[in-house]
Structure formats: C-alpha cells, structure tokens
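Structure of the sequence below:
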Amino acid sequence: MTTKLDSLLPLVQKPARYTGGEYRAIVKNKDEVDTRFAFCFPDSYEIGMSNLGMRILYGILNEMDGVWCERVFAPWQDMEAQMRSHGLPLYALESFDPISAFDLVGFSIGYEMCYTNVLNMLDLAGIPLRTAERDGWDTPVVLAGGTCCYNPEPLHAFVDMFLLGEGEELLPELVTCYRNARKDGCTKAEFFVRAAQVGGVYVPSLYDVSYKDDGTVAAITPAEGAQFPVVKRVVEDFDRAYFPTKTIIPSTEIVHDRVMLEVFRGCIRGCRFCQAGYAYRPVRARSAETIIAQGKEAAQDSGYQEITLSSLSTSDYRPLEQACDGLLEWCLPKHVSLSLPSLRADNFSMGLVERIQTGRKSSLTFAPEAGTQRLRDAINKNVSEEELLLSCRRAFQGGWNAVKLYFMLGLPTETDEDVLGIADLANKVYYEWKSYGSNKARGVRITVSTSFFVPKCHTAFQWEGQLDMEEYRRRVYLLKNTIKNKSIQYNYHDPETSFLEAVFARGDRRLADAVELAWKKGAKFDSWSEFFDLDRWLEAFRETDVDPDFYARRDRCREELLPWEITSTGVRKDYLWQERGQSYAAAITPDCRVQCTACGANCFLSGGVCDA
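As a prediction, the model looks like this:
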C-alpha cells in the first residue's frame, strides 16, 4: 500500500495529512496485539488533530495491553479522487493498513454536518454502510460517540452502537466486553446483547420504534435486557482523569496548534439554548496544581509555544488566577504564551488579561447572545448590559481596540425590538471606546456576528421550532441596515446549514434513507461552505418522502414522545420543560453556585454534590 501511496502524494494538496509518522504516534508490534481500533474523525486532518477528546481516547486505548488504536481522518476531495481511481482503501496513519481489517471502527461525531462523511469513510474503506449488512465478524463493529450521539436516531441504520457521554472509562469497558465476547466464541449479535448491558452503550438494533398517523413517535420498545433510557457516562474524579501530556505532534499546521488544558467539564450557567451546558453536567474541575503540572509537562514534551485553558466557560474556573499565575511563572522565562479563549462579561478580570497578554493586544471576544436584557433573561444568559459595557470600558482603557460580539438570531420569543437591540448595544460599545479608549490613534474595530438559532435535543428549547429561513434573512437585513457606524462590522451565518442542522438535531430514524441518498448524490464535507449544497439535500428529502420542516420548524407539545428520549443526559425532562416556562416568563434561573436547582445531574456523583 505504501508504494501506491507514494505515487499519489505528489498529486494532492497538503500530502502531510496522509503520511503519518508524527513524533509520538504509537506504533505497536502486531504480534502482540489482539484488538485493533480505528479512531475515525469525519473531517480533515487539521480539524481532527485539534480535537482534545481524540487525543485523550487515543492515549487511553493504547495504554491497554493487546489493544492498538490508530487514527483515521476524512481525506480531502483531491485525495479521495486519487484513492478511488487507484483502488487505495481508507487506511490508518500508524500502520497504513486498511481499516476494513480492524476489529472496531469508532467515529467521533460532534457536528451534524459530518454525517455524510461517516458514510463516505465507510464506503472508501470498503465497509458495508448499514449495520444490517455487517452481521458477521468478517466486518468491523462500527461505533460512534460525541455530542451528536445524544440524538443518534438519524444514523441508527449505519452505526452498530453509540457511546453516550465521556469515554475515558466507557470505551475501555466496551473494548474489554468485545475481547471477552470474541474469546468466548460469541456471534456478533450475541456481542451486541452483551454490549447493551454496558452503561452508556446504545445498540439501535435492539430497540423498536413505532409511529402515530401524524408522524410523531408512538412508542420506543427495547429488547429484553436492553437499557431504557440509555444514560450517559461521566468521569466523576476529573482531577485524576487521564490527560495526554505526551501526545502526537502534527507534522503539518493544524487549527489549534498548541497545548490545550481542560480545566473543568460542565457549566454552572444553564443557558437554555446550550446543549453542551446541559449534556456535560455536572461540573467537575481539576485543581490548579494539576493544571500547572500538566501544562508544564505538555509544553516541555511538545515544544509548543502556546498554552490555552479550555472549558465551556473558563472564566468560571474558581482557581483561575492561581492556575494562570503558576503557569506564567514557568511560561514567561521560556517565551511561552498563555491564552484564555472563553471570557464572560460578568466576571471579566482586566488584571488577569493584562498579566497573560504579551506583545500586541489582539481582540477580546464576548457573547451576549441577545440584544436586549429581556431576551438575555429569556435564554438565561445572566449577563447585563452594564456588565458588558464595563468590561469593554476596562479593555479600552487598557489599550485594546478590537472587540468581537457574538449573538444569535431566531431565539424563542425574539422580536424586532430584540434584533435592533443588537445594533444599539454595539453602538454603546463604540461610545465606550470613544469615551474611555486610551489608544485613539489606531481607531476601533467592533465586530458583530450573528448565527441562526438551532433547537437542540436535551435542552430547554428542544420543543421549539426553528425560524423560517426567509424570516431569518429578513431579521439579518433589518440588523444590517440598522448598523450605520463604519467602525462596526457585521457578519452573519447563512441559514441553509443551520436549517439542515436543525433537521438532524431533532430528527428520527426515518431520516437515515435521506442521509444515504444525499451522500450518493455527492454530499460530503457539508460543514465546509464550498461543498455544501442545500438543493441536493432537498432532493434527497423529496425522493425519500421526508418533510424537513416536520423536524426543524415544528413546535412540539409536552406530551410528545421525543425520538431522543431513548438517551438521557441525567437532566430531567420535567426540569427542561420548567426552564422553557421560565424562558417565556423572561425569568432568570440562578447559576449552580448561587443555588442548586435540582436538575438531576448530581445523580452521577457519589456524594450527590456538584463541584460548581
């Protein structure tokens, strides 16, 4: 295979994506391995190698005796064309062996627009697309994990089993279950039954779903012994959880080419639109001492010149200043930079930002999400206009001249007044600079960006329909025509991909045929604007008798059985409905540090108390 590969690499862009051989890539003796795992990321090398979760699970699996985990990424279209024309199947970067020869093929799926890439990678590997066509041990077991798996139903026909939640403990347990099943002489079907007993494992073939005449779900019936619902797994002691301080160093530039330190999981805030905020509950944190030690070791081993602290809301990490000071003491003499990508306006520390900022001051980023206080309260953002303006004032006084503001359009209960409020808020930020900016000579750059709200499963807005695309465009143009200040730049996200995202985010099993047909029509790399074509998808929906508006735009009632109720994040459905009611009343729910609201997620902790 490597001889054939050598002849193809000069013909494609960025051949380093496909060569492997990176520093710290793990190569094992095949004679000492009984289980081979292909970790597949359904996007380009640059995106996949930036994923911290992949690095964590890669390290954990390779620490298991007799198990060899290798990496596989989606080849760019030029490489795919060469592979297909020369008969080169999809291969793993460590051994260059075709992944069809592996025991387990696992996909990490964090975005709905990657669904067709999953099918494309299976096809390029020569693995049958559908689980029903892979009934013997002559084909690998196909797994999937990631946030999209909280609604696994649109991919149920293609994935043998879904892993819900955090994989540090779950994935080794499943691999052990697989090894025991093979040793015991089980059939693949018997292994599926065993796997369904592992906490957090959902095997779609063991569940029957029926529908009412109106198209809604009538019943979800598990086979005997199958869990219902399937509850996610979490790592309880996060301070002792595995972290890859010695990890692969890419041989080409990637998106996040730096050390990433995960300071905590979960979020105290409870934003009602945020799937990650609910799905990653409860909050569990690493100590400052652990963060400092991991940062030093990872930077020393990798040679990276930048460390970034990562979480859903890093400024909510309690010992943030202690961790930063400890890292800076080591970083500054070695000219290693430290960055905080996630800031909140209500607890913004100018002093901390000044300490970690070196050289030219780049832009600061805040996400008010909504233009008026009423709508921010409705989505439980818990950020006031005064807090945002005060944070911008401090930044401008400190010499910053660029601020990025992120908002959503189409949020539940949004009115034109809320849309116009975005322009008003941006203007107020501008006048903060005009009144308090200490670096007037360079001018100011305020960037306003809006995205199209997508209702997600397992959130307080899972019952809400998405706005019509034309109405979204009207609100975009309303905002665009209102922003007159030349110092304010407005960017907006196209509605087409967000519409498709909403279809799959709240979809059911009947979408599987449309996914396959769209792929056959050429859909892949849909998260990249140069490849996405909504018309292709609309054709596939029509030809498979699917109404996408039924999934994306329809409001749902409390009594409806939702397709994704087959899975559980631990947050109770009645709690989410209560939060929806709070939204319509524009009422704030306090964050977890102010008051526990009994969402249910503390069921994962032996002490019953979140580390908020």
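
wait, Asp555 sits on Glu464?
Yes - counting by CB atoms under 8 Å, Asp555 does reach Glu464; the two are 6.3 Å apart. C-beta: built from backbone N, CA, C; applies to glycine.

Name the residue in these two with the higher neighbour count.
The neighbour comparison of Asp555 against Glu464 (other CB atoms under 10 Å) goes to Glu464, with 25 against 11.

Can you give me the separation between the most centrally placed residue in the chain and Thr597?
Nearest residue to the geometric centre of the chain (CA atoms, centre = their mean): Gly110, 4.0 Å. Going from Gly110 to Thr597 by CB to CB, to the nearest Å gives 27 Å.

do the same with Tyr280
From Tyr280 to Thr597 the distance is 16 Å (CB to CB).

Looking at those two, which is more packed in?
Neighbour tally, Tyr280 and Thr597, criterion other CB under 10 Å: the higher count belongs to Tyr280, 23 against 15.

so Leu340 sits right up against Val353, yeah?
Yes - the pair Leu340 / Val353 is scored as a contact, 7.2 Å apart, by CB under 8 Å.

just to revisit the earlier point, excluding residues flanking it in the chain, which one is nearest the residue nearest to the centre of the chain?
Leaving aside its chain neighbours, Gly110 sits nearest to Gly146 (4.6 Å; criterion: CB to CB, 6 or more residues apart in numbering).

number of nearby residues for the one you found?
There are 22 residues near Gly146, going by other CB under 10 Å.

Now do the phi/psi pair for it.
phi 120, psi 170 (degrees, to the nearest 10).

Same check on Glu46?
phi -60, psi -40.

ok, and the helix or strand in this protein with the lowest average confidence?
Counting by mean pLDDT, DSSP states H and E, the chain has its least confident helix or strand at helix 350-356, which shows a mean of 76.

Please state the offset of that helix from the chain centre?
28 Å (CA atoms, centre = their mean, to the nearest Å).

ok, back up a step: can you pull the contacts of the residue nearest to the centre of the chain?
Asn51, Gly146, Thr147, Cys148 (CB atoms under 8 Å, 6 or more residues apart in numbering).

Need the three-state assignment for Gly110.
Secondary structure for Gly110, judged by DSSP: H, G, I helix; E, B strand; the rest coil, is coil.

isn't the residue nearest to Gly110 right up against Ile109?
Yes - shown here, Gly146 and Ile109 form a contact pair, counting by CB under 8 Å, at 4.2 Å.

Arg240: how many residues sit nearby?
The burial count for Arg240: 10, using other CB under 10 Å.

Please tell me how far it sits from Phe525.
From Arg240 to Phe525 the distance is 38 Å (CB to CB).

Likewise for Ser313?
In terms of CB to CB, Ser313 sits 30 Å off from Phe525.

And Gly48, by the same measure?
13 Å.

CA atoms of the stretch of helix or strand Asp574 belongs to as CSV?
Using DSSP states H and E, Asp574 maps to helix 573-584. Provided in CSV are the C-alpha atoms of helix 573-584 (Å, rounded to 0.1, in the frame of the first residue of the first chain):
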residue,chain,number,x,y,z
LYS,A,573,-37.3,16.2,31.1
ASP,A,574,-39.7,18.0,33.5
TYR,A,575,-36.8,20.3,34.6
LEU,A,576,-36.2,21.2,31.0
TRP,A,577,-39.9,21.9,30.5
GLN,A,578,-39.8,24.1,33.6
GLU,A,579,-36.9,26.0,32.2
ARG,A,580,-38.9,26.5,29.0
GLY,A,581,-41.6,28.1,31.0
GLN,A,582,-39.1,30.3,32.7
SER,A,583,-38.0,31.4,29.3
TYR,A,584,-41.4,32.6,28.2
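
Many thanks, I have nothing further to ask.
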